[in-house]
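Undergrad: Predicted model and sequence below, questions to follow.
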Amino acid sequence: MNVNKKDILGISGLSAEEISSILDAASVMKRIILSGQKKTNYLRGSTVLTLFYENSTRTRVSFELAAKYMGADTVNINVSASSVAKGETLADTGKTLNSMGADVIVIRHNMSGAPHLLAKHVNASVINAGDGMHEHPTQALLDMYTIREYYKSLKGLKVAIIGDIYHSRVARSNIIGLIKMGAKPVIYGPSTLIPPEIEKMGAEVAPTINDAIYQADVVMGLRMQLERQKNALFPSKSEYARFFGMNQVNMSLAKKHALWMHPGPVNRGVEMTSGVIDGINSVINEQVTNGVAVRMALLYMLAGKENNKDVKYKASLVSLPVQEVCV
Amino acid sequence: MKILIKNGIVVTDEYKKRQNVYIEDEIITKVKENYEAEADVVLDAEGAFILPGLVDAHCHLRDPGYEYKEDIVSGTRSAAMGGFTSVACMANTNPVADNKTVIRYIIDKANREGLVHVFPIGAMTKGLKGEELSEIGEMKEAGIVGVSDDGYSVANSSVMKKVMLYANMFDLPVICHCEDLNLAEDGVMNEGALSTEMGLRGISKASEEIMIARDILLSKRLNVPVHICHVSTAVGVEIIRNAKKNGVKVTAETCPHYFTLTEKACEGYNTLAKVNPPLRNEEDVEAIIQGLCDGTIDIIATDHAPHHIDEKNVEFDKAANGLVGFETALPLSYTALVKAGHMSMMELVRKMSTKPAEILKIDKGRLIEGKKADITIFDPNVDYTIDIETFASKSKNSPFHGFPVSGKVVVTIVNGRIVVKDGKLLD
């Protein structure tokens, strides 16, 4: 593994080689998860803090479990009950947590760029667990991991990303990552939810949902962020489902063994019908497992750097058989 | 006190010539080649330009109410350092400058403690709310030189119409911040590829252009002059150009940041580059320069907008809009416009001194015998990089730190009194 970074703020800061080595490491981590004896001590003595300014279940739990499986101590900071609620600035919160000796701070924030601000003020490694409408790098890594596990390589794959692209940090991180890995992202959604000049990021905008799905190797649905729709960007949930939703009929246009993905949580019957969510091509639950593996790999790469004095382990983790890395 | 300025080149909006300038007490008494007379102070301006003191038609002094950002003392010191001898300050203070009491406070404090002339601009509407006319007549008596709800647009066209009609009765310029707030929504930077990539809400150029067009249409219908603030887009320039061609009484301003920076300055979530209207694209910068050159844009204002570091050291969405401008405006404009070959120094003097005074209808912006001695000496031969730590302003929120420029203000004279000498404030 040769990712030498203080922070993981976005996919945009990672090279294709770095993404590959993270995914390679994640496959080792996945074997640890599946081995039954999940507890390791790679990060013993390290502290991982999760600082979530937005509600989240899966991402937060995923990070916490990843840290615990790696042997780190974890603390979850409940923002609404903390000094943040008393008006403390992000920079000050960061400095405080830093002074307490945090090794990694995992931050989710409703404002784009907040992790970048935090990273400037702390020595701890910062992992972006989703910032505003900007990036959600660990989600894109787990998505790419999931795709790669099936197809072995991402090169040349058509990946349709469908839904509320405008508000979606998942879409942005995936577009950036998929292009770096040689895949072809094609996006589709209501025109009011397609951000301006998105094609300059390298994604093709499909004219219809059928064009987007046709012959796709992967179809990724995005969560309709109903809580962000204060400006009436589409008329109703039923109209959305009718024109922009994924169902078994339009999904049949994809390749026969295409992967059906969704970052969750799903609004059943809005962006996807239950037939798709629970369909035979759906890998939504595997994405969740892979999320823990990817986060274990990232935590190891960041926190393992200084704390794990056993250089032999660090250098050769990828090639180790599962039994050896387990404790 | 008698001051003789020797060996410099006088540049006004009409000519550029090697002349000496003689000042007796408050008055310029001689502007003449090789003129010599006995003086208490002789200033050697060898190689430098002697200009009529700069006039800024648009700044924020933050006093009363936001003295932690700036006040009339620090603001006018900063203005003097930038070569401005007259500044017009906007009404978004706390309380809002929408009544004669606040206007009198500003004028009194400026007279007592200010280093340069301060001309307050009164709010168009009470509390800048865009609903009811403020007491424009009483404020005129107290000393305002124009009306503006700067920071906001008057969304209601009927209210705007009344403002134009009423202010015109008092011979006051109507100074419009143009922004359709419904369209701008909660945007924080220019809308486009970069806002998409950064995941920040964009402000459509159309939100500015729609209001420019509306205010021009009202001005045309009512046959009342209107002044458009801080133009930032190519289409905005085009709308104004056409209006002028059609005889509409419109004048327009832009600011140095709109012809020296693009939205790229926001990269890395740089809150120092967050400003309203937002920094735009390359083609807009080119159009602004073109508009300045062909006379579509009449003046350059600073929109000096000081903010405390705590208001910038936050998430981009939360950061305050604006940047300090007094101490960078002339070097930036000289470098980007004159040195780059787009316009003459005379034209720049017109845009930063003579014309803004004309628009505000104040007796400033001329370097001729018999006028009050407001003079700026600018040495164009100094190359350096901007250092925010040298600013006299209380606030240092400038995206230009480290920016290479040419030209430095070496002397500022206000009413015959030297306030800046050798590029330093005289205290």
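TA: That came in fine, so what should we check first?

Undergrad: okay, which residue is most central for chain B?
TA: Nearest residue to the geometric centre of chain B (Cα atoms, centre = their mean): B:Ala301, 2.3 Å.

Undergrad: and the residue lying closest to it once chain neighbours are set aside, how far is that from A:Phe243?
TA: Nearest residue to B:Ala301, sequence neighbours excluded (Cβ to Cβ, 6 or more residues apart in numbering or on different chains): B:His58, at 3.6 Å. Glycine gets a C-beta too; all of them are placed from N, C-alpha and C. Distance of B:His58 to A:Phe243, computed by Cβ to Cβ, to the nearest Å: 47 Å.

Undergrad: Please say which of the two ends up with more neighbours.
TA: B:His58 (29 against 12; other Cβ atoms under 10 Å in any protein chain shown).

Undergrad: give me phi/psi at that one?
TA: Here is the backbone geometry of B:His58 (degrees, to the nearest 10): phi -160, psi 100.

Undergrad: Then B:Lys32?
TA: B:Lys32 has phi and psi values of phi -160, psi 150 when expressed as degrees, to the nearest 10.

Undergrad: hang on, A:Val75 in a helix?
TA: No. Under DSSP: H, G, I helix; E, B strand; the rest coil, A:Val75 falls outside any helix and is assigned strand.

Undergrad: quick one: contacts for it?
TA: Contacts for A:Val75 were tallied using Cβ atoms under 8 Å, 6 or more residues apart in numbering or on different chains; they are A:Thr47, A:Val48, A:Leu49, A:Thr50.

Undergrad: Mind giving me the packing neighbours of the helix or strand where A:Ala212 lies?
TA: Here A:Ala212, judged by DSSP states H and E, is contained in helix A:209-213. Using 3 or more Cβ pairs under 8 Å, 6 or more residues apart in numbering or on different chains; DSSP states H and E as the contact test, the elements touching helix A:209-213 are strand A:158-162, strand A:184-188, helix A:248-251.

Undergrad: May I have the residues that are in contact with residue 29?
TA: With no chain named, the answer covers chain A. Shown in contact with A:Met29 (Cβ under 8 Å, 6+ apart): A:Ala66, A:Tyr69, A:Val292, A:Ala293, A:Val294, A:Met296, A:Ala297, A:Tyr300.

Undergrad: not quite, I wanted chain B
TA: Shown in contact with B:Thr29 (Cβ under 8 Å, 6+ apart): B:Tyr22, B:Ile23, B:Glu369, B:Gly370.

Undergrad: from the residues you listed, which ones fall inside strands?
TA: Mapping those onto strands (DSSP state E) picks out B:Tyr22, B:Ile23.

Undergrad: Can I get the buried part of the contacts of B:Thr29 as one ChimeraX selection?
TA: The buried subset of those, as determined by 16 or more other Cβ atoms under 10 Å in any protein chain shown, is captured in ChimeraX by this line:
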select /B:22,23
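
Undergrad: near chain B, which of the contacts of A:Met29 show up?
TA: Among the contacts of A:Met29, not one lies near chain B by Cβ under 8 Å from any Cβ of the partner chain.

Undergrad: ok, so of these, who is nearest B:His308?
TA: A:Ala66 (39.6 Å; Cβ to Cβ).

Undergrad: Surely that closest one touches A:Leu299?
TA: Yes. Here A:Ala66 lies in contact with A:Leu299, judged by Cβ atoms under 8 Å, at a distance of 5.8 Å.

Undergrad: pLDDT weak spots in the stretch 151-300 of chain B?
TA: For the stretch 151-300 of chain B, no stretch is flagged by pLDDT under 70.

Undergrad: In it, what residue spans correspond to strands?
TA: For the stretch 151-300 of chain B, the strands defined by DSSP state E, counting those that start in this stretch occupy B:174-176, B:189-190, B:202-203, B:226-228, B:250-254, B:299-300.

Undergrad: mind listing what the residue in the stretch 101-250 of chain B positioned nearest to chain A touches?
TA: At 3.0 Å from chain A, B:Gly199 is the closest residue in the stretch 101-250 of chain B, using Cβ to the nearest Cβ. Taking Cβ under 8 Å, 6+ apart, we find B:Gly199 in contact with A:Ser112, A:Gly113, A:Asp131, A:Gly132, A:Met133, A:His134, A:Glu135, A:Arg169, A:Arg172.

Undergrad: which residues does B:Gly187 contact?
TA: B:Ser195, B:Leu200, B:Arg201, B:Gly202, B:Ile203, B:Ser204, B:Ser207, B:Pro278.

Undergrad: Nearest residue to it in space, ignoring adjacent ones along the chain?
TA: B:Gly187's closest residue in space is B:Ile203 (Cβ to Cβ, 6+ apart), at 3.3 Å.
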